[in-house]
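Q: coords please:
(one chain, ligands or ions: 1)
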Amino acid sequence: MDYQGLLHEVMAEALRGHGRGRVADYIPALAVADPTAFGMAIATVDGEVYGAGDWEQPFSIQSVSKLFSLALALAEGGEQLWQGVGREPSGNPYNSLVQLESESGIPRNPFINAGAIVVTDRLLELTGNAGTAVRDFLRAESRNETLDIDESVAASEALHGHRNAALAHFIASYGNLRNPVDSVLLHYYAHCALAASCRDMALAGLFLARHGIRADGSRLLTRSEAKRVNAVLLTCGTYDAAGQFAFRVGLPGKSGVGGGILAVLPGRGAVCVWSPPLDATGNSVLGVAALDALTTATGWSVF
Ligand code: GLN
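A: Numbers count the residues shown, from 1 in each chain. From the prediction side, this is the model:
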C-alpha cells in the first residue's frame, strides 16, 4: 500500500471543500486557530508513520482526549466505571444538559462532556492527577517528551466554561462525583488542553488498533475492553453526528472542537486528521471529508 501517495490524494480531495465550517470560538484561546491549517497522519501496527500537510504541528486535542481518559480509567479501575456513566448515543450536542435530570445525573456516554467529566473524576481518584495521566500516556505512546498541556487554553476554558461547570455541579448534586467539582473541572480542562500533532495522535491511538497493547508491548486493556472502547467510539465518538460519521467513514473515531479527529482501523493502524473549521455538530468539516475519502479509496472499515 502506497500510504504516502494515498494521503496526498485524500488531502487534495478534502481541500476542495475548503471554506466551509467555522473555527470554535466559545473558548477564546481556540478562536485563534488557523482555519487553513490541514494535517493528516497514518500510523500502522507495523510501526510505520506517514503524514501530509501540517501533520507535525501541535493543535488543541480537546475532546479527542476523552478516548484516552476513558481507556486509562478502565485500565486502572475496571468495569465499575460503567455504574456512573452509560454507553448509549445521546442524540444531543456534546455540551447538552437536557438528559441529565431525567437520567438522574448518570450521563449517557463517556464522550459527551457530562460523561467525560465523570470519567475524569474517576481517573483523578485512581491516579491523583487525570491531566498528567493522559499527558504521560500520550508522551509514552508517541515517544514525544515535549507533548504538553497548553496552560493558556486550559485557563481560557476555565474562565469561560460555565456550561461545563453547570454540568459538573448538576452531576455532583446526584452524588455522581467523588472529588470536589472545581478540581474535577481543572483536570478535565487540563486533558482537553493537551497540544499534540497528527503524528503524535495517530501513534497514541495505535493501542486500540493493537486490541489493547501499548507501544512498549505491555497490555493496557484486555481485548474485550479494547473492542468495547472501539464500539463506544463508533456509536458516540462524534456526538449527534455519530450515525452520519459511521455512514460516511465506517470507523470508530473521536473528534474534538480543536478540529482533530482520531480514527481507528482495528488490526491495521490509526489515522489522525486536523482541520479547525467545524460543522454545526462540532466535528471538523474537512476532517470528516478526508476520512470519508480515505476509507472510500481503500475500503477500510469495520463493516
Ligand atoms: N473542552 C471542550 C469543552 O468541554 C471539549 C469539547 C469538544 O471538543 N467537543 O467544551
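Q: how close does the residue nearest to the spatial centre of the chain get to Arg178?
A: With distances taken as Cα atoms, centre = their mean, the residue of the chain nearest its centroid is Val64 (1.5 Å). For Val64, the distance to Arg178 (Cβ to Cβ, to the nearest Å) stands at 25 Å. For every residue, glycine as well, the C-beta is placed using N, CA and C.
Q: Would you mark the buried spots in the helix or strand bottoming out on mean pLDDT in the chain?
A: When each helix and strand of the chain is scored by mean pLDDT, DSSP states H and E, helix 98-102 comes last, with a mean of 91. Buried residues in helix 98-102, counted by 16 or more other Cβ atoms under 10 Å: 99-100.
Q: immediately after that helix, which helix or strand?
A: helix 113-127 (DSSP states H and E).
Q: elements contacting that next one?
A: Where contact means 3 or more Cβ pairs under 8 Å, 6 or more residues apart in numbering; DSSP states H and E, helix 113-127 is packed against helix 65-77, helix 130-142, helix 162-173, helix 181-192.
Q: still on that earlier bit, the residue nearest to the centre of the chain touches Gly253, doesn't it?
A: No: Val64 is beyond contact range of Gly253, at 9.2 Å (criterion: Cβ atoms under 8 Å).
Q: any common contacting residues for those two?
A: Shared contacts of Val64 and Gly253 (Cβ atoms under 8 Å, 6 or more residues apart in numbering): 261-262.
Q: leaving aside the residues next to it on the chain, what's closest to the residue nearest to the centre of the chain?
A: Of all residues not flanking Val64 in the chain, Gly256 sits nearest, at 4.2 Å (Cβ to Cβ, 6 or more residues apart in numbering).
Q: which residues sit in contact with the one you found?
A: Contacts of Gly256 by Cβ under 8 Å, 6+ apart are 60-65, 192.
Q: Tabulate those (CSV), appending distance to the ligand.
A: Below are the contacts of Gly256 laid out as CSV (distance: Cβ to the nearest ligand atom, whole Å):
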residue, distance to the ligand
Ser60, 8
Ile61, 8
Gln62, 3
Ser63, 3
Val64, 7
Ser65, 8
Cys192, 4
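Q: picking up where we left off before, the least confident helix or strand of the chain - contacts with which helices or strands?
A: For helix 98-102, the packing partners by 3+ Cβ pairs under 8 Å, 6+ apart come out as helix 162-173.
Q: Can you confirm whether stretch 271-288 lies near the ligand?
A: Yes: residues of stretch 271-288 contacting the ligand under Cβ under 6 Å from any ligand atom: Gly282.
Q: no wait, stretch 9-28
A: No: remark: stretch 9-28 sits outside contact range of the ligand, by Cβ under 6 Å from any ligand atom, the gap being at least 6.8 Å.
Q: How about that stretch, which residues are buried there?
A: 10-11, 13-15, 17, 21, 23-24, 27.
Q: ok so, going back, give me the pLDDT value at the residue nearest to the centre of the chain.
A: For Val64, the pLDDT comes out at 98.
Q: quick one: contacts for it?
A: By Cβ under 8 Å, 6+ apart, the contact list for Val64 reads 201, 254-256, 258, 260-262.
Q: Show me the helices in the stretch 201-303 of the chain, by range?
A: For the stretch 201-303 of the chain, the helices defined by DSSP state H, counting those that start in this stretch cover 206-209, 223-236, 242-248, 285-298.
Q: Next to the ligand, which bits of the stretch 101-250 of the chain? Give me the list.
A: Counting by Cβ under 6 Å from any ligand atom, the residues of the stretch 101-250 of the chain close to the ligand are 113, 157, 164, 192.
Q: which residues sit in contact with the third one?
A: If a contact means Cβ under 8 Å, 6+ apart, then Asn164 has 95, 113, 117, 157, 185, 188-189 as its contacts.
Q: per-residue pLDDT, it?
A: Per-residue confidence (pLDDT) for Asn164: 97.
Q: how far away is it from Ser69?
A: Asn164 is 14 Å from Ser69, by Cβ to Cβ.
Q: got any ranges where the stretch 51-200 of the chain has weak pLDDT?
A: Within the stretch 51-200 of the chain, not a single segment meets pLDDT under 70.
Q: Quick check on the closest residue in space to Glu103 that isn't next to it in sequence: phi, psi?
A: Spatially, and ignoring its direct neighbours in sequence, Glu103 is nearest to Gly86 (7.7 Å; Cβ to Cβ, 6+ apart). For Gly86, the backbone dihedrals are phi -90, psi -170 (criterion: degrees, to the nearest 10).
Q: In stretch 214-233, which residues are buried?
A: By neighbour count on 16+ other Cβ under 10 Å, the buried set for stretch 214-233 is 214-215, 220-221, 225-226, 228-230, 232-233.
Q: Could you do stretch 286-303 as well?
A: Neighbour-count burial for stretch 286-303, counted by 16+ other Cβ under 10 Å, picks out 286-295, 300.
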